[in-house]
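[1] just coords:
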């Protein structure tokens, strides 16, 4: 059987972010190796030193996954926008200037960036003498095998084996509400006569599948995905009824789906009720609508499509919890942020892993706990998710949702130990550790360690003020927090992005070296 050092399950945002971060943290330290060779001489660096500097990045990698949600959404809906700015939906190697604009990012633009990220990951692995292969397929089972793992994929009759496996796939298929489960549908036998489109379909699946035009549809759910579904159905000139049991507040985080909700309200296509039952009828004319929906308020309708946007099910077919063999899933434990990036006091879960750290679950699948902590609403799961939400909380309203790109990227950085560096600093998503590092690089010894920690928390507090920055934390607001903090301490801290900032920090570095470190 094929043997790899590492198999990554998933080929989208979570997987590529993980591989990029791992390259940065566990790849060879080329600068340090060059410095060591200067000190010891070419070819004379002690083996123990060279081993440490050469890193521990795996030399043979297989990535198994189908196209990313955003890639498929872009294929079927080219005009689709992600609902966040390029500051929150971006790759870690993005060259797009932070704060460039406050408009929602086109999915086509993000997909282009993702293709570039994959190219950079492939090149990075090859540059250090490793190999990486991509297999477009769905993983059906991951199980323990000897001292490693066996990974079965639909595209291969033979299982792949590896020493370490990373599950970095999606959160899972859309959760199926009870009235829509096959055993509860009246005259379900009629569904065996298939149509050109899915008559009962999850919201996420609808976004990246073929969607018929001009049909009658019911959209069920009050989460953000339901608003995206309504937008697409509207784009396809469908007659829409949007049903939610608890209203539409959850569909509009930070006002990002305001236009869709206002349109739905104005055109009276919303109804606050629940689905009581579903029947399949024989329509009077072949091809007409046949999904009959009965609602809890006593009303009913017959539609071509019933689209349910009710959250992800990690234990659904192909979901991260379902593909893990049960005894392996039972061994996974929550892993917490080791550097207090998201809270100065609380333990925040960022991943799941076995005790020996050879099987990890990272990125989008983490939030729903792989089905290990019960169903939605169960106390253990709710407690876990409340702590996980602290990741998005430090970014404010603009950072949600919990399975979105910004949160996925942040949790993976914590898991791998990667931190953003360079001139294009993203103050919109920077965690507490990154903010402290930025303040150190920028202001040198003008601020003490305690002051940098305090200022980082004040930046997060301002960025997270409810209703103040629902889409983006402007650069001017970021700079103002820093300069106001300095003024309270009788310090004139310049704009960190100004041309003379290096001269300023250099002065303090000189003073620190010549008159003792500030305390």
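    Received the coordinates, thanks. On a predicted model such as this, the values are computed, not experimentally measured, just so you know. Residues are numbered from 1 along each chain as shown.
[2] I'd guess residue 271 is in a strand, am I close?
    Yes. Assessed with DSSP: H, G, I helix; E, B strand; the rest coil, residue 271 lies in a strand.
[3] Is the closest residue in space to it that isn't next to it in sequence in a helix, a strand, or coil?
    Leaving aside its sequence neighbours, residue 271 sits nearest to residue 243 (C-beta to C-beta, 6 or more residues apart in numbering; 5.2 Å). (C-beta placed from N, C-alpha, C; glycine too.) The three-state label given to residue 243 by three-state DSSP is strand.
[4] Tally up the residues packed near residue 243, please.
    For residue 243, the count of nearby residues is 25 (other C-beta atoms under 10 Å).
[5] That one touches residue 295, doesn't it?
    Yes. At 6.9 Å, residue 243 counts as touching residue 295 under the criterion of C-beta atoms under 8 Å.
[6] that's a helix at residue 292, yeah?
    No. Looking at residue 292 with three-state DSSP, it is strand, so not inside a helix.
[7] Would you agree it is in contact with residue 275?
    No. Residue 292 is beyond contact range of residue 275, at 11.2 Å (criterion: C-beta under 8 Å).
[8] per-residue confidence at residue 248?
    For residue 248, the pLDDT comes out at 73.
[9] which ones are touching it?
    Residue 248 makes contacts with 222, 226-227, 242, 261, 264, 270, as judged by C-beta atoms under 8 Å, 6 or more residues apart in numbering.
[10] buried subset of the residues you listed?
    Among the contacts of residue 248, those scoring as buried are 222, 226-227, 242, 261, 264, 270 (criterion: 16 or more other C-beta atoms under 10 Å).
[11] Can I get those residues in JSON lines including secondary structure, distance to residue 286 and pLDDT?
    Shown next, in JSON lines, are the buried ones among the contacts of residue 248 (DSSP: H, G, I helix; E, B strand; the rest coil; distance: C-beta to C-beta, whole Å; pLDDT from 0 to 100):
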{"residue": "222", "secondary structure": "coil", "distance to residue 286": "34", "pLDDT": "87"}
{"residue": "226", "secondary structure": "helix", "distance to residue 286": "30", "pLDDT": "88"}
{"residue": "227", "secondary structure": "helix", "distance to residue 286": "33", "pLDDT": "86"}
{"residue": "242", "secondary structure": "strand", "distance to residue 286": "28", "pLDDT": "96"}
{"residue": "261", "secondary structure": "helix", "distance to residue 286": "36", "pLDDT": "87"}
{"residue": "264", "secondary structure": "helix", "distance to residue 286": "31", "pLDDT": "92"}
{"residue": "270", "secondary structure": "strand", "distance to residue 286": "31", "pLDDT": "93"}
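[12] So which of those residues is the closest to residue 112?
    residue 227 (24.8 Å; C-beta to C-beta).
[13] Help me confirm that residue 400 comes into contact with residue 392.
    Yes. Between residue 400 and residue 392 there is a contact at 5.0 Å, judged by C-beta under 8 Å.
[14] More neighbours: the two, which one.
    Legend: neighbour count by other C-beta under 10 Å for residue 400 and residue 392, higher for residue 392 (25 against 22).
[15] Confirm that the more buried one sits in a strand.
    No. Per three-state DSSP, residue 392 lies outside any strand segment and is helix.
[16] Report the contact partners of residue 482.
    Residue 482 touches 439, 455, 459, 493, 496, counting by C-beta under 8 Å, 6+ apart.
[17] Name the residues contacting each of residue 243 and residue 295.
    Counting by C-beta under 8 Å, 6+ apart, the residues touching both residue 243 and residue 295 are 271, 273-275.
[18] Buried ones among these?
    residue 275.
[19] Tell me the one of the shared contacts of residue 243 and residue 295 nearest residue 476?
    Nearest to residue 476 among the shared contacts of residue 243 and residue 295 is residue 271, at 43.2 Å by C-beta to C-beta.
[20] For the closest one, give its distance to residue 234.
    Relative to residue 234, residue 271 is positioned 16 Å away (C-beta to C-beta, to the nearest Å).
[21] which intervals of the stretch 201-350 of the chain have sub-threshold pLDDT?
    249-256 (pLDDT under 70).
[22] Right, I'll leave it there.
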